[in-house]
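Participant: Got a predicted structure here, sequence first:
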Amino acid sequence: MKIDMGLIGASGAECGPLAATAEARGFDAVWASESVTDAFLQSQAALLSTSRLTVGTAIAVAFARNPMSAAYAAWDLAGMSGGRFVLGLGSQIQAHIERRFSMPWSAPATRMRDYLLALDAIFAAWRDGTRLDYRGPIYQHTLMTPVFTPHHHDHRIPVMIAAVGERMTALGAELCDGLLLHGMTTTGYLDQVTLPAVERGLSASGRERDAVELYVPLFMVMGDTQEERDAAARKTREQIAFYASTPAYVKVLESVGYENLQPELQSLSREGRWADMADLIDDGLLNAIALTGRPEDMPDLCRERFGGRVDRVSSYFGWPVDDSDRLAEILARFHDEPAAHPEEKRA
């Protein structure tokens, strides 16, 4: 299992030092997130400050850009880094696409399929010199002249998409190199919804499971003392309550018998009663979603719960470990042994 680090909330200026530290500590990748700044700017800063680390966007908002804009940024980042860049895309939600970015919205899985196929056509034109003539239902790219063709390189650009629902998950497994899953998940949801959708997507493309990589930023409730773990648990309850208040995660709640909680949380969110929302996340729901223990416990806890289900993980809230040697030792243990397949674990 690979262990990564998220850069959510970091500015472009902060990403370089953070990525360099992550590389020195032994993380396998860092993921730039489009929250407070452009994910491609974050990625460039991270790549310029490292030499080994994989750097990806998790996510860049696809529908805030057209495929050509995303392709130019990804192509240049892959070239300047010697192929260490991963293009991770997400649809975002309708309100943000229309009201924050002032861009068109339509059925997200259908739009994302067209987006991915357009990207493939653009990359093929640049890589192989073929004529660009993509004509999809939403995107059309039919002009590429030499003056606007980027410098050639041979680095393949892995593409991943963010997915929670079945249609987007199956699409990613069919067309992409990986899936960016959400930390708001359970093993029940993975087994009942996510992994079957992955298998359907792989079957549609005639590929095997090792063709796609599954990444999830996990809620890790960490601390050396009970007091520290309690504080981390409160923060995690607040985040879970925020996600659980939206209809998109009803099936996740349903997988552990908490589906009736969503309307109550949504009602409280509309009243701005955020503290009250966190109080509704009991230990049963917390433990179904989050892992709790000392930082040293996390490698084993991750393997026990997610081994054979996902391929790479990160800690949603980072690591409460100041000692660099201690953290490096913990991270190294994520690579200690291969993950067992879930069917083997349940046998």
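Facilitator: Received, thanks.
Participant: could you pull out the strands for the stretch 1-150 of the chain?
Facilitator: For the stretch 1-150 of the chain, applying DSSP state E, counting those that start in this stretch gives strands covering 2-6, 29-32, 54-57, 60-61, 85-90, 134-135, 140-141.
Participant: Who are the packing partners of the longest one?
Facilitator: Other helices and strands packing on strand 85-90, by 3 or more C-beta pairs under 8 Å, 6 or more residues apart in numbering; DSSP states H and E, are strand 54-57, strand 60-61, helix 67-80, helix 108-128, strand 159-162, strand 178-180. No exception for glycine: its C-beta is placed from N, CA and C like everyone else's.
Participant: ok, now with 6 Å
Facilitator: Contact partners of strand 85-90 among helices and strands, from 3 or more C-beta pairs under 6 Å, 6 or more residues apart in numbering; DSSP states H and E: strand 54-57, helix 67-80, strand 159-162.
Participant: Once you drop chain neighbours, what's closest to residue 179?
Facilitator: Using C-beta to C-beta, 6 or more residues apart in numbering and skipping residues adjacent in sequence, the residue nearest residue 179 is residue 172, 4.4 Å away.
Participant: if I look at that neighbour, how far off is residue 178?
Facilitator: The gap separating residue 172 from residue 178 is 7 Å, by C-beta to C-beta, to the nearest Å.
Participant: Name the residue in these two with the higher neighbour count.
Facilitator: Set side by side, residue 172 and residue 178 show more neighbours around residue 172, with 28 against 21, by other C-beta atoms under 10 Å.
Participant: I'd assumed residue 161 was in contact with the more buried one.
Facilitator: Yes. Counting by C-beta atoms under 6 Å, a contact exists between residue 172 and residue 161, whose distance comes to 4.5 Å.
Participant: Any idea which of the strands of the stretch 1-150 of the chain gets closest to residue 251?
Facilitator: Evaluated with C-beta to C-beta, the strands of the stretch 1-150 of the chain place strand 85-90 nearest to residue 251, the distance being 18.4 Å.
Participant: end to end, how far does stretch 7-15 reach?
Facilitator: Taking C-alpha to C-alpha, to the nearest Å, stretch 7-15 runs 7 Å from one end to the other.
Participant: By average pLDDT, which secondary structure element in this structure comes out worst?
Facilitator: The least trusted helix or strand in the chain, going by mean pLDDT, DSSP states H and E, turns out to be helix 342-346, with a mean of 44.
Participant: Mind splitting the chain into its structural domains?
Facilitator: 2-225+291-346, 226-290 (automatic domain parsing).
Participant: which one of those domains has the most crowded surroundings?
Facilitator: Of the domains of the chain, the one with the most neighbours on average (mean count of other C-beta atoms under 10 Å) is domain 2-225+291-346, at a mean of 18.
Participant: Can you give the distance of that domain from its chain's centre?
Facilitator: Remark: domain 2-225+291-346 is offset 5 Å from the chain centroid, using C-alpha atoms, centre = their mean, to the nearest Å.
Participant: Give the closest residue to residue 33 in space, chain neighbours not counted.
Facilitator: Excluding its sequence neighbours, the residue lying closest to residue 33 (C-beta to C-beta, 6+ apart) is residue 8, at 3.9 Å.
Participant: just to revisit the earlier point, which residues are in contact with the residue nearest to residue 179?
Facilitator: Taking C-beta atoms under 6 Å, 6 or more residues apart in numbering as the contact definition, residue 172 lies against 161, 163, 179.
Participant: Contacts only, for the second one.
Facilitator: Contacts of residue 163 were listed using C-beta under 6 Å, 6+ apart, and they are 169, 172, 179.
Participant: gap between the residue lying closest to it once chain neighbours are set aside and residue 122?
Facilitator: The spatially closest residue to residue 163, leaving aside those adjacent along the chain, is residue 169, at 4.2 Å (C-beta to C-beta, 6+ apart). Distance from residue 169 to residue 122, counting by C-beta to C-beta: 24 Å.
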